[in-house]
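Asker: Please find the sequence and the predicted model below.
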Amino acid sequence: MIKVFIDGSAGTTGLRIREMLGKREDISLIALPEQLRKDVAARRDAINGADAVFLCLPDDAAREAVGLVENKNTVVIDASTAHRTSPGWAYGFPELSARHRAAIVNGKRIANPGCYASGFLALVYPLVAAGVLPKDYPLVCHAVSGYSGAGKKGIAEYEAENRPESYDTPRLYALTLSHKHLPEMQAVCGLTRTPVFNPYVCDYYCGMTVNVPLFSDLLAKKVSVADVKELLRVHYAGAHFVTLGEEPSGYVSANTLNGTNRMELLVNGNERQILLTARFDNLGKGASGAAIQNMNLALGLDEGLSL
């Protein structure tokens, strides 16, 4: 029986992980009584008694929790931003490359990607790796997300009976252009220029699209929309959860993959400009689903279990 401890199980990500793993017969969830949920000694015992630990905590609390690990066999999967660019931590997006997958399979410290970063990297990393997208390209990324990504406090604000009318519309944020996902977006791709990132939180529960527009004449190689589609198809050939899609309606809805760990990549545009889009559930492939997939891989299990 695999023992799993979720540190921070009361939050959105932790709750979904617990719900998904609770259905498995090969998993035993270590649960602390409510009064001991923040007790350091109790948490230390739970962490070191587990085969896998999910850290669903704020950054500082996640760093503190890592300091409690004494069992060298415990796999730690951190859902915070604390370790996503830290040496010694595997970046938990196995579909990006064989190197990323191997680091997860052989690792004990795995940083779960940010939701927006997951979509951005799925689109940009293959183009950089293929020499199509220069590392100094002035990238711009636009994204929309359901309000579940705002955490417990944000969810409560959106679901409040007397909320402001402004919540009825998409709301642009991260106005200082320093969103917390930018460091991993830049580092994982090896970009020399920080992208401009404009995220919106919107009045629906979950689902996300991440969009990266490109000028064809600024690319390092001459490619068409069809060429980029083929490049992504080859890059993700055999991937369990990341696939190439089409949207014949002319509209890309953000919520069509809700409740799954799937990510769909779309390529549109014309001869002069190319539009890359990633569509997925911000609570699935953007958070809890990706975390469970990483646990499965690190423990030598079928990566699709629970997903």
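Answerer: Perfect, thanks for sending it. Residues are numbered from 1 along each chain as shown.
Asker: Give me the neighbour count for residue 124.
Answerer: Residue 124 has 25 neighbours, counted by other Cβ atoms under 10 Å. C-beta coordinates here come from the backbone N, C-alpha and C atoms, glycine included.
Asker: Spatially nearest residue to it (excluding sequence neighbours)?
Answerer: residue 189 (5.3 Å; Cβ to Cβ, 6 or more residues apart in numbering).
Asker: In what element of secondary structure is residue 201 found?
Answerer: Here residue 201, judged by DSSP states H and E, is contained in strand 196-202.
Asker: partners of that strand in the sheet?
Answerer: strand 140-146 (parallel), strand 171-172 (antiparallel) (DSSP bridges).
Asker: ok now do residue 286, which residues does it touch?
Answerer: 113, 114, 115, 116, 118, 119, 149, 208, 280 (Cβ atoms under 8 Å, 6 or more residues apart in numbering).
Asker: So the closest residue to it other than its chain neighbours versus residue 305, what's the distance?
Answerer: Of all residues not flanking residue 286 in the chain, residue 115 sits nearest, at 3.1 Å (Cβ to Cβ, 6+ apart). Noted for residue 115: a distance of 22 Å to residue 305, by Cβ to Cβ, to the nearest Å.
Asker: returning to what we had before: and the contacts of residue 286, which of them are in strands?
Answerer: The strands, defined by DSSP state E, take in 208, 280 from the contacts of residue 286.
Asker: Which of the contacts of residue 286 sits closest to residue 82?
Answerer: Relative to residue 82, the closest of the contacts of residue 286 is residue 114; by Cβ to Cβ it sits at 11.4 Å.
Asker: Wait, the closest one touches residue 187, no?
Answerer: No - counting by Cβ atoms under 8 Å, residue 187 is not a contact partner of residue 114; they are 11.9 Å apart.
Asker: The nearest residue to residue 137 once chain neighbours are set aside: neighbouring residues, count only.
Answerer: Excluding its sequence neighbours, the residue lying closest to residue 137 (Cβ to Cβ, 6+ apart) is residue 218, at 6.4 Å. A total of 10 residues lie near residue 218 under the criterion other Cβ under 10 Å.
Asker: do residue 76 as well
Answerer: 24.
Asker: need the strands for the stretch 151-300 of the chain, in chain order.
Answerer: 171-172, 196-202, 208-215, 242-244, 263-269, 273-280 (DSSP state E, counting those that start in this stretch).
Asker: Let me have these in JSON lines, adding mean pLDDT, mean neighbour count and distance to residue 64 as columns.
Answerer: Shown next, in JSON lines, are the strands of the stretch 151-300 of the chain (pLDDT from 0 to 100; neighbours: other Cβ atoms under 10 Å; distance: least, Cβ to Cβ, whole Å):
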{"stretch": "strand 171-172", "mean pLDDT": "98", "mean neighbour count": "13", "distance to residue 64": "32"}
{"stretch": "strand 196-202", "mean pLDDT": "98", "mean neighbour count": "18", "distance to residue 64": "28"}
{"stretch": "strand 208-215", "mean pLDDT": "98", "mean neighbour count": "22", "distance to residue 64": "29"}
{"stretch": "strand 242-244", "mean pLDDT": "98", "mean neighbour count": "18", "distance to residue 64": "33"}
{"stretch": "strand 263-269", "mean pLDDT": "98", "mean neighbour count": "21", "distance to residue 64": "31"}
{"stretch": "strand 273-280", "mean pLDDT": "98", "mean neighbour count": "23", "distance to residue 64": "30"}
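Asker: so can I have CSV of these showing distance to residue 236?
Answerer: As requested, the strands of the stretch 151-300 of the chain are exported to CSV (distance: least, Cβ to Cβ, whole Å):
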stretch, distance to residue 236
strand 171-172, 30
strand 196-202, 23
strand 208-215, 16
strand 242-244, 5
strand 263-269, 7
strand 273-280, 11
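Asker: Show me the one of the ones you listed that comes nearest residue 81.
Answerer: Among those, the nearest to residue 81 by Cβ to Cβ is strand 196-202 (14.0 Å).
Asker: and that closest one with strand 208-215, angle?
Answerer: Interaxial angle of strand 196-202 relative to strand 208-215 (axes from the mean of the first three to the mean of the last three Cα atoms, to 10 degrees): 150 degrees.
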